[in-house]
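Asks: Just to be clear, the model below is a prediction. Sequence and coordinates:
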Amino acid sequence: MTSLPKRPSAKKLGLVIDLDTCVGCHACVVNCKEWNTGGYPAPLTDQNPYGKDVSGAWLNRVHTFEAGEGAEGRTIHFPKSCLHCEEPLCVTVCPTGASYKRDEDGIVLVDEDRCMGCGLCAWACPYGAREMDMGVGVMKKCTLCIDRIYNENLEEVDRVPACVSTCPASARHFGDLGDPNSAVSRLVAERGGYDLMPEQGYKPTNKYLPPRPRRDASTAGAKPEALDEASPEGGFLGWVDRLLSAV
Amino acid sequence: MHPAYSVIFFTTASGAGFGLLALLGVLGPLRLLPADRWFGLSALFLAFALAVGGLLSSTLHLKSPARARFAFSQWRSSWLSREGVASIATMAIAGVFAIGWVFFEATAGWWAAAGLLAALGALLTVFSTGKIYAVLKPIRQWHDPLVVPVYLLFALATGAVWLDAVVAVLAGGSVAVGLGTIIVVIGAWGTKVAYWKRIDQGRSPSTPESATGLGSLGQVRLLMAPHTEENYLQREMGYRVARKHTAKLRVVAGFFGLAVPVFLILAGWLLPTGAAAVCAVLAALFVSLGVVIERWLFFAEARHTVTLYYGDRVG
């Protein structure tokens, strides 16, 4: 049913993305693609993958932005996937009942056996979280790796989304944002986590942690100290130096 | 937004079909149109053909059209689903109305009730079409209170010119129908001009700064896109072609959709029946052409907030 749950779920599974530590390596993008082309929404197709005009459906993408000017400017790598909103217009506009928001944990999913590929949900998402899979003919989106996080065949440590498990900088955190005492909620509170485009009114579950301020703004543009003149006194290199200087 | 030709044809054709059906459903029972069998058959056939043709063409943009049958299920939340349900229900009721007009040459009594109900259904269908676009908050140009009135008025305007054409060809023309047509065509374009003014003056509440939440650091600009090639989102929502020709295309749309047909209808009043009929049919074709351009602009001018993540400053 594309009507939303009557009350927002108590449990709100989602991601917290740390823009301070993300190094922009795209490992999360690749592992997301890797897992999801073999897992629950499989396959996640590409068109013309080895030729010109490569194209394909990806559930997570990393953009890189610059903010600010000159020495104060910052480069910020910005991963973006479905934010599992509390008010997901993508769900309510769906005419077939393929899009739905789960009552029990707030995850937004697509039932691929009902999706007719009209694309209206992608229009309804302000964040660009949904992409049409041209090979399969249905809409694809982040499932929060629903086939990992509840998978009892995996070690408990692996029951996190593929993007979280692979991040080498620990810039991605997974947990229950509906529980104010969860690790992710505490992280959001400590670091001033925020919503993307709050003015659109979708109430996204995923939060972003802002880049930390520079340690000392006065050193931002300072030149490094000049290196000392190389003049070894003794030992082998001193002997070579004296010898070559004498020649 | 990328203008899909199937969707442009769909909204133009089915808008005209349901507009014509609404007019027939009201003017027939009011005895303002001939209760003649051949008139009813021609006018209702045209309305059905436009509506059904439009609805069928809308399935062309689906990636899995076989599952379109599910699209009638979510009328509780989805305007697209409501449009589907309303269109089928309207066709069924209009079918009953058509039986009376074509087989019994009757448009009164219960047949009239069917006609009025079909007219209501036709308007509800077009209302739903407009709502599909109007609820989409990320697209400022569509999330506008004038979008639904414009859809309804253009459905009635295109329906009216086709009705005027049928009346001119089969019933020797009618100044009253022609005058009514001119009024509703002017009303539709007048509302459209007001809409264009609104979208030209409005601003999206979203910016690259709000989209990334990085505004406190300064102005945000894209340094590297996530991939080297264009993706589905950019193809579907990053359409830029002809945006720079917007002003000219608006004039072209108004010329074909308003000036030419009004002139043709007026000229028809001075010409003999045969020539007047040709003028009326040409007027209907020109209005439809103008509305196709208007509909194309409706897509091409619309900007989606997702483009803020791909280097656009304005969402």
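Replies: Perfect, thanks for sending it. Numbers count the residues shown, from 1 in each chain, chains lettered A, B, ... in the order given.
Asks: Double-check that residue B:227 belongs to a helix.
Replies: No. Using DSSP: H, G, I helix; E, B strand; the rest coil, the assignment for residue B:227 is coil, not a helix.
Asks: Which helix or strand contains the nearest residue to it once chain neighbours are set aside?
Replies: Distances taken as Cβ to Cβ, 6 or more residues apart in numbering or on different chains place residue A:61 nearest to residue B:227, at 7.0 Å, with adjacent residues excluded. Every residue, glycine included, has its C-beta placed from N, CA and C. According to DSSP states H and E, residue A:61 maps onto strand A:60-67.
Asks: Which strands or helices does that strand pack on?
Replies: On a contact count with 3 or more Cβ pairs under 8 Å, 6 or more residues apart in numbering or on different chains; DSSP states H and E, strand A:60-67 meets helix A:27-36, strand A:74-81, helix B:208-212, strand B:220-224.
Asks: quick one: strands adjacent to the second one?
Replies: With DSSP bridges as the criterion, the sheet partners recorded for strand A:74-81 are strand A:60-67 (antiparallel).
Asks: Return the residues in contact with the residue in the stretch 1-150 of chain B that chain A sits nearest to.
Replies: Nearest to chain A in the stretch 1-150 of chain B, going by Cβ to the nearest Cβ, is residue B:63, at a distance of 2.7 Å. By Cβ atoms under 8 Å, 6 or more residues apart in numbering or on different chains, the contact set of residue B:63 is A:116-119, A:132, A:134, A:137-138.
Asks: go on, residue B:34?
Replies: Residue B:34 touches B:170-171, counting by Cβ under 8 Å, 6+ apart.
Asks: Can you say which helix or strand has it in it?
Replies: Using DSSP H and E, no helix or strand contains residue B:34.
Asks: Show the model's pLDDT score for it.
Replies: pLDDT, residue B:34: 89.
Asks: go on, residue A:1?
Replies: 60.
Asks: looking at the helices and strands packed on strand A:60-67, which is buried most?
Replies: helix B:208-212 (a mean of 23; mean count of other Cβ atoms under 10 Å in any protein chain shown).
Asks: How far off centre is that one?
Replies: 34 Å (Cα atoms, centre = their mean, to the nearest Å).
Asks: show me the contacts for the residue of chain A found nearest chain B.
Replies: In chain A, no residue comes nearer to chain B than residue A:117, which is 2.7 Å away by Cβ to the nearest Cβ. Contact analysis of residue A:117 by Cβ under 8 Å, 6+ apart lists A:132, A:137-139, B:62-65, B:67.
Asks: if we can go back for a sec, could the helices and strands packed on strand A:60-67 be laid out in JSON lines, adding mean pLDDT?
Replies: Converted to JSON lines, the helices and strands packed on strand A:60-67 look like this (pLDDT from 0 to 100):
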{"stretch": "helix A:27-36", "mean pLDDT": "96"}
{"stretch": "strand A:74-81", "mean pLDDT": "97"}
{"stretch": "helix B:208-212", "mean pLDDT": "96"}
{"stretch": "strand B:220-224", "mean pLDDT": "95"}
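Asks: outside of the lowest-mean-pLDDT helix or strand in chain B, which residues touch it?
Replies: Within chain B, confidence by mean pLDDT, DSSP states H and E is lowest for helix B:232-237 among all helices and strands, at a mean of 91. Here helix B:232-237 makes contact (Cβ under 8 Å, 6+ apart) with A:55, A:57, A:119, A:122-123, A:128, A:131-132, A:134, B:1-2, B:304, B:306-307, B:310.
Asks: list the buried ones in it?
Replies: For helix B:232-237, the neighbour count (16 or more other Cβ atoms under 10 Å in any protein chain shown) marks B:232-234, B:236-237 as buried.
Asks: Reformat the helices and strands packed on strand A:60-67 as a markdown table; add distance to residue B:169.
Replies: As requested, the helices and strands packed on strand A:60-67 are exported to a markdown table (distance: least, Cβ to Cβ, whole Å):
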| stretch | distance to residue B:169 |
| --- | --- |
| helix A:27-36 | 58 |
| strand A:74-81 | 57 |
| helix B:208-212 | 54 |
| strand B:220-224 | 57 |
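Asks: out of these, which comes closest to residue B:201?
Replies: Distance to residue B:201, taken as Cβ to Cβ, is lowest for helix B:208-212 among the helices and strands packed on strand A:60-67, at 20.3 Å.
Asks: Low-confidence stretches in the stretch 151-300 of chain B?
Replies: B:242 (pLDDT under 70).
Asks: what's the burial count for the closest residue to chain A within it?
Replies: Distance from chain A to each residue of the stretch 151-300 of chain B (Cβ to the nearest Cβ) is smallest for residue B:218, at 3.1 Å. Other residues near residue B:218 come to 16 when the count uses other Cβ atoms under 10 Å in any protein chain shown.
Asks: need the contacts of residue A:117 in a markdown table with secondary structure, pLDDT and distance to residue B:8, can you?
Replies: Output for these, formatted as a markdown table (DSSP: H, G, I helix; E, B strand; the rest coil; pLDDT from 0 to 100; distance: Cβ to Cβ, whole Å):
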| residue | secondary structure | pLDDT | distance to residue B:8 |
| --- | --- | --- | --- |
| A:132 | strand | 96 | 19 |
| A:137 | coil | 95 | 22 |
| A:138 | strand | 96 | 24 |
| A:139 | strand | 97 | 22 |
| B:62 | coil | 92 | 15 |
| B:63 | coil | 92 | 18 |
| B:64 | coil | 93 | 21 |
| B:65 | helix | 92 | 18 |
| B:67 | helix | 94 | 23 |
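Asks: Of those, keep whichever come out buried.
Replies: Counted by 16+ other Cβ under 10 Å, the contacts of residue A:117 give A:132, A:137-139, B:62-65, B:67 as buried.
Asks: From the centroid of chain A, which residue is nearest?
Replies: residue A:79 (3.6 Å; Cα atoms, centre = their mean).
Asks: List the contacts of that one.
Replies: Contacts of residue A:79 by Cβ under 8 Å, 6+ apart are A:17, A:22, A:28-29, A:60-63, A:163, A:171-172.
Asks: cool, and residue A:159?
Replies: Residue A:159 sits in contact with A:148-151, where contact means Cβ under 8 Å, 6+ apart.
Asks: Kindly report the same for residue A:175.
Replies: A:13-14, A:16, A:182-185.
Asks: got the buried residues for stretch A:38-49?
Replies: Those would be A:39, A:41, A:44-46, for stretch A:38-49 by 16+ other Cβ under 10 Å.
Asks: re earlier: for the record, mean pLDDT for the strand holding residue A:61?
Replies: Rounded mean pLDDT across strand A:60-67 is 97.
Asks: Contacts for it, please.
Replies: In contact with strand A:60-67 (Cβ under 8 Å, 6+ apart) are residues A:22, A:24, A:26, A:28-29, A:32-33, A:73-81, A:142, A:163, B:208, B:212, B:214-215, B:217-227, B:231, B:309-310.
Asks: The same query, at a cut-off of 6 Å, please.
Replies: A:24, A:26, A:28-29, A:32, A:73-81, A:163, B:212, B:214, B:217-218, B:220-224, B:226, B:309 (Cβ atoms under 6 Å, 6 or more residues apart in numbering or on different chains).
Asks: Also stretch B:142-158?
Replies: So stretch B:142-158 is in contact with B:15-16, B:18-19, B:126, B:129-130, B:133-134, B:136-137, B:184-185, B:187-188, B:191-192, B:195, B:287-288, B:291, B:302, going by Cβ under 6 Å, 6+ apart.
Asks: ok, which of those residues also contact chain A?
Replies: Filtering those for neighbours of chain A using Cβ under 6 Å from any Cβ of the partner chain leaves B:136-137.
Asks: which residues in the stretch 201-315 of chain B form helices?
Replies: B:208-212, B:232-237, B:246-254, B:260-270, B:273-300 (DSSP state H, counting those that start in this stretch).
Asks: Alright, calling it a day.
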